[in-house]
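Q: Could you look at this predicted model? Sequence included:
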Amino acid sequence: MSAPTHPLDPDMLLADAIAGNADAVERLSTLNQALAGLLDPAHRHAMTGQIRLGEAARVAGVSFETLCRVLREEAPASESTSDPEPDRPSPREGKTAGDWFEQAERLSAPHLDVRPLLASGQDPFSQVMSMSAQVQPGGFMVVDAPFDPAPLRRVLAKKGFTSLGRQFGPSHWRICWRREMILQVEAETDEPMPRHGPEPWNDADGIHLDVRGLQPPEPLTRVLDLIDQGETDNLVLHHDREPVFLYPMLAERGWSCLSVEHLQGEVRIRLVREPS
């Protein structure tokens, strides 16, 4: 089977890039044991189909460019050993308001190490989801994994969890999840406000920002730029959709989501800076 000829980008699903290409699977499996385990058809995990190429590169411990070269047969997998350490966690992931990791330990939060499960070919997804179902709003849970489980973080973000990750070594990540006390308000009959434009404005309930109609990643960057200025503790965000990928980045900065209101043509999200 020839190497893939379609364009490769970090957001492309790994499953799409290797579809029908057993040779590509074999080459990628030589990069490291963690990626080989995810690609092993005998032990295909629930999250495998949701891994993107950029995330697969981080799991493999190589740069995205090297992953693409291996996929295209432009370089042997052995070249990956010369890559610099890719995409270290942001320093903001080390500490946040009240330090989640310390809180989770103090509260004896549920803690699961999935590394032995993955090493034995087991899929830990059901165990993680079962554990998450027991976490109350405001509560924590902790998972140790051999890599940053980005697809799992996305799945749990849709269930009201924000997460922070710390890397302790080449094959040891610890993720702390907190279930947010988000009030989902269904108001399908209410009218959304007219578009105000991308510049923030003040109102009685805080600063408002309207990012509707903007193309990714501009909505995300506008929100982060605004809160990084440190001039507000309350933000009302007017969005086209619920920004689940924004929540972990807000948590890194000590912010949380108070409510999500679904209107016709608008999702209104109320964000607040947590007390130090």
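A: Arrived safely.
Q: all contacts plus neighbour counts: C-alpha atoms, from now on.
A: OK.
Q: So the closest residue to residue 150 other than its chain neighbours, which state does it fall into?
A: Nearest non-adjacent residue to residue 150, counting by C-alpha to C-alpha, 6 or more residues apart in numbering: residue 55, 7.0 Å away. Here residue 55 is recorded as helix under DSSP: H, G, I helix; E, B strand; the rest coil.
Q: Might one say that residue 124 is in contact with residue 114?
A: Yes: taking contacts as C-alpha atoms under 8 Å, residue 124 lies within contact range of residue 114: 6.2 Å.
Q: what's the nearest residue to residue 246 if we skip its chain neighbours?
A: In space, residue 246 is closest to residue 220, 6.5 Å off (C-alpha to C-alpha, 6+ apart).
Q: how about the lengthiest helix in the chain: buried residues?
A: Assignment by DSSP state H gives helix 218-228 as the longest helix of the chain. Within helix 218-228, the residues that count as buried by 16 or more other C-alpha atoms under 10 Å are 219-220, 222-223, 226-227.
Q: Adding distance to residue 260, write the residues you listed out as JSON lines.
A: Formatted as JSON lines, those follow (distance: C-alpha to C-alpha, whole Å):
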{"residue": "219", "distance to residue 260": "16"}
{"residue": "220", "distance to residue 260": "16"}
{"residue": "222", "distance to residue 260": "19"}
{"residue": "223", "distance to residue 260": "16"}
{"residue": "226", "distance to residue 260": "19"}
{"residue": "227", "distance to residue 260": "18"}
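Q: Residue 237: which of those is nearest?
A: Checking the buried residues of helix 218-228 against residue 237 by C-alpha to C-alpha gives residue 223 as the nearest, at 8.2 Å.
Q: Determine the three-state secondary structure at the residue nearest to that closest one when sequence neighbours are not counted.
A: The spatially closest residue to residue 223, leaving aside those adjacent along the chain, is residue 209, at 7.7 Å (C-alpha to C-alpha, 6+ apart). Using three-state DSSP, the structure places residue 209 in strand.
Q: Would you mind listing the residues in contact with residue 209?
A: Residue 209 makes contacts with 198-201, 223, 235-238, as judged by C-alpha atoms under 8 Å, 6 or more residues apart in numbering.
Q: where's it relative to residue 129, distance?
A: Separation of residue 209 from residue 129 (C-alpha to C-alpha, to the nearest Å): 34 Å.
Q: still on that earlier bit, the residue nearest to residue 150 and residue 12: what is the separation?
A: Residue 55 sits 10 Å away from residue 12, taking C-alpha to C-alpha as the criterion.
Q: How about residue 231?
A: Distance, residue 231 to residue 12, by C-alpha to C-alpha: 37 Å.
Q: quick one, which of the two is more surrounded?
A: Per other C-alpha atoms under 10 Å, whichever of residue 231 and residue 12 has more neighbours is residue 12, with 16 against 9.
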